[in-house]
Every structure is written in C-alpha cells, then in structure tokens.
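*Asks:* one predicted model, sequence on top.
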Amino acid sequence: MAKAFNVTGACIPEEHYMVRLDERLREIRELVDAGKYFSVNRARQYGKTTVLMALERYLQNVYRVVLLDFQTFDAEKFRSGSAFAAAFAKSFLRALRRDKEEGSQAFQAALSRLQECAQGGRGEFALMELFEELSDICAAADRPIVLMIDEVDSAADNQVFMDFLAQLRAYYIRRSLQPTFRSVILAGVCDVKNLRRKLRPEEEHKVNSPWNIATDFKIDMSFSPGDIAGMLEEYDSDYGIGMDIGRMADLIHAYTSGYPFLVSRLCKLMDEEIGGTQGLGALENCVKKRAWTEDGFQKAVRVILSEKNTLFESLTGKLTGYPTLNGMLRALLFTGRSIVYNADDPAMDAATMFGFIRNQCGVAVIANRIFETRLYNYYLSLAEMQGLEIYKASLQDRNRFIVDGHLDMRLVLESFAIHFNDLYGDRGEAFISCSI
C-alpha cells in the first residue's frame, strides 16, 4: 500500500510520510535515562501522540514502557478514587502485557495481585492501595518501568487526577526508599504544572502544585526545513517527481513555521488535491510534478485558508472562551504595535499554549503566516468589522488589486503614491533621509 500524508491521528512510519524523529527521541531518552518526570505540552495536533508512540518503540529494549491514553477514560472513571484506581490498574496491566517478555515469577505474581485488586478481590482499593501495588511491580520488574500518559487534558480539571499526581509526586520524592517508575511523561495541551490542588476544602486560597517535581521539556517539536526536506525526499523518491526539494521545504516552513499539522496538511493538499488522487500512474506523474511547484503550493495555501478543519475550529473556539486572549490577538494584528513577550501574562501564556503566538527575540508574534492570515480573515468577517466604512471601501477596491488570485503589487504601490500625494502633496517638507 502506498504511503500517504497523514493529518488524522498519530503517524505510523510504515503507512505515512513523516519527518525523522531520531534526534528528538535521543534527546527524550536522555531525560528518561536520568530518571526525570516531565510534561510534553504543545498545542493541538502538534505531533505529541506520534512522538509518544515512537518513543514507546524506541525505549522498549531497555525499559518496560506503559503508554496510556486518558481520552479512553470516561467521566465515570474519575467519579472517585476507587473507580479511577480500578480503571487505571486494568489499563496499566493491558499496556504492560503488550511486552511479550513475561519476566520473573515475582513480577508475574505482582501483576496478578494488581489484577485481583482491580477486580475487587482484595478489599478496599483506592489510590493509596493502587500505588502500593504499582511500587511492588516496579520492584519486581526485570527492567525499569516508564509510564507515559497521553491526553492528560481529559482529566485536568478533576480532583481525582490531582490526587493521582500527588501520589506520583510522593513516590518520586521517596524513590530512594520505595521503588517507583523510572520516568513519567504526561502529554497534553495544558501544562500540568499550572494545576493546583487544594490542601483542605475549607482553605480555598492555600493551594500547591502536585506536579512541581517535573523537569522543563525544552525539546523543539516543530519541523525545521531540514526535517521537511527529509520527508519530501522519501515522497519524491516514491513518485520520481524531481521536485526542487530544498525550495519546497523552505516554502512550507516559511508559511507554517514548522507546525506539524499545517506542514502535513499542505503536503496532503498538494499530493491529493492539487496533484490529483493517490496512486497515479507514470503518465499522470507530470500532474503531480506541477503540484509540487511554487504555483501548486500557493494553490494549496488558498485551499487551507478557506477550509474548515478541526485545528482551525479549535483555535477560533478559544477566541470566544478567552476574551483577554482575543483582545491581545486583535492588538497584535491591527494596531501594529510590538508587545513584549511576558510568560507571566495569563493571556500570553494561554496564546502560547494554544499555539497562536511564539516568542521571537522577546516580542510576541503570531505563530505562523497561515494562522496570521486565517485570523485576519476571521476578524474581518465579523459583523462589527463589516459595518465600518473603511471595510466597505476596501471591498470595492479589492478586485482592482487581485489579478488571477495574486496581489498586483505594482498597482498597490502606484495607488499608494496617488493617495499619499492627495493627502500630503501640498506640504513643503521633504522626506528625511539618513545614511547608516
């Protein structure tokens, strides 16, 4: 079966064109080897699940790796500590047994005890009992155990999850006395370190973070031009297109800043829509070759800017849910003023977490050109904007400046010169010039 560019779910090397993750996996392995607990917090559809699945394979010869997904835990599983403990134990055992090596008799006995507890055969079973059994399993395991949990946002506002994190923290602190996981990795959009756990219900103002033991995760998960070029090389080799790989990689990166979903989506559009359907024969490859040019790329950009997809729907949904974030983005887009990047600003922190902005030399900027254009289109489509006289005038002039889908920059500059002369032609001052 021919490979495809994937934008739905995790990428599988045997099925999808994807960037090489070797260097990222090596860097994460260093954190795991050092026994670090950490969170992988990135915006939606940023490749977190793909990395975790690749990491599971990468580590399995040295560690016993347990990869769980909290998205599979329904609300009932977080109803109480005992309900969560049973659900977690069952999922943990199922994931652990994907490793075909059975291990020692002591290890198998520890697994059996956890199974019995999860089925209610050993009396009360809540978080404390769950972690006692998990500690016994870690002690009996022939290889250190690494716990990875995807989609932790599914439980982020739940007190049971807070208590679960507190148990992880307690065992991490006492790891020299009680066996526990070698490393714990939590993946999601929200930074778990920002979650707070009440010490006592009556003391609303006294809170602490149950995840303040986590090491900062600074590994860049965006795609560089070199990453994109590596993926395109494989594609080009399969189809014999002979595209200018370096140029295409630079173009894609210039518009996406390496946002994984946007990179894959543009490639998918060029492959399947601009260049026809997959599986074209040799005679039709000339169609694909035309798709992988600057003209084909611009067509793909126009498609992605006009389509509805889950990423854009998620982003625009945040604009109504976070008014201060909405106001900050408007200021960035329409006032032209620079805004100093301040990670302590709640609106800026939220905008970074959701992928709207990035820190560029201490200044907040929109994360990439695709998002910037999409946000402009969104704001300009609002009724409040369409009611402005300047907006109505721009619509009348728009068709003059767009020729065959492209902006006629010469005409724009000529019109600017005429308009500038109308406004300031009677002024006596000359332009101030300076030499550097």
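*Replies:* The structure has been received and is ready for your questions. Everything numeric in this text was worked out from a predicted model, so none of it was measured.

*Asks:* please count neighbours and contacts with C-alpha atoms only from this point.
*Replies:* Will do.

*Asks:* three-state assignment of Asp344?
*Replies:* Secondary structure for Asp344, judged by DSSP: H, G, I helix; E, B strand; the rest coil, is coil.

*Asks:* any idea of the pLDDT on it?
*Replies:* We note a pLDDT of 88 for Asp344 in this prediction.

*Asks:* distance check, it against Phe354.
*Replies:* 15 Å (C-alpha to C-alpha, to the nearest Å).

*Asks:* more crowded one of these two?
*Replies:* Phe354 (18 against 8; other C-alpha atoms under 10 Å).

*Asks:* so who does that one touch?
*Replies:* 42-44, 189, 315 (C-alpha atoms under 8 Å, 6 or more residues apart in numbering).

*Asks:* pipe these into a markdown table and attach secondary structure per row.
*Replies:* Shown next, in a markdown table, are these (three-state DSSP):
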| residue | secondary structure |
| --- | --- |
| Arg42 | coil |
| Ala43 | coil |
| Arg44 | coil |
| Val189 | coil |
| Leu315 | helix |
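
*Asks:* quick check, nearest of those to Leu266?
*Replies:* Arg44 (16.8 Å; C-alpha to C-alpha).

*Asks:* count of neighbours near the closest one?
*Replies:* 20.

*Asks:* my read is that it contacts Leu311, right?
*Replies:* Yes. The pair Arg44 / Leu311 is scored as a contact, 6.9 Å apart, by C-alpha atoms under 8 Å.

*Asks:* what is in contact with those two at once?
*Replies:* Among the neighbours of Arg44, none is also in contact with Leu311 (C-alpha under 8 Å, 6+ apart).

*Asks:* neighbouring contacts of stretch 62-78?
*Replies:* With C-alpha under 8 Å, 6+ apart, stretch 62-78 has contacts from 52-53, 56, 59, 83-84, 87, 91-92, 95-96, 99, 143-152, 154-155, 158, 160-161.

*Asks:* repeat that for 7 Å
*Replies:* Stretch 62-78 is contacted from outside by 56, 83-84, 87, 92, 95-96, 143-152, 154, 160, using C-alpha atoms under 7 Å, 6 or more residues apart in numbering.

*Asks:* which among those end up buried?
*Replies:* 56, 83-84, 87, 92, 96, 143-152, 154, 160 (16 or more other C-alpha atoms under 10 Å).

*Asks:* narrow these to those in strands?
*Replies:* 145-150 (DSSP state E).

*Asks:* and the helices in the stretch 301-436 of the chain, which stretches?
*Replies:* 310-321, 323-334, 346-353, 369-381, 383-386, 389-401, 409-424 (DSSP state H, counting those that start in this stretch).

*Asks:* Glu132 and Leu96, how far apart?
*Replies:* Here Glu132 is placed at a distance of 17 Å from Leu96 (C-alpha to C-alpha).

*Asks:* show me where pLDDT drops low in the stretch 151-300 of the chain?
*Replies:* Counting by pLDDT under 70, the stretch 151-300 of the chain shows low-confidence ranges at 194-208, 276-286.

*Asks:* where along it do the helices fall?
*Replies:* Assigned by DSSP H, counting those that start in this stretch, the stretch 151-300 of the chain shows helices spanning 159-173, 225-239, 245-256, 260-268, 285-291, 294-306.
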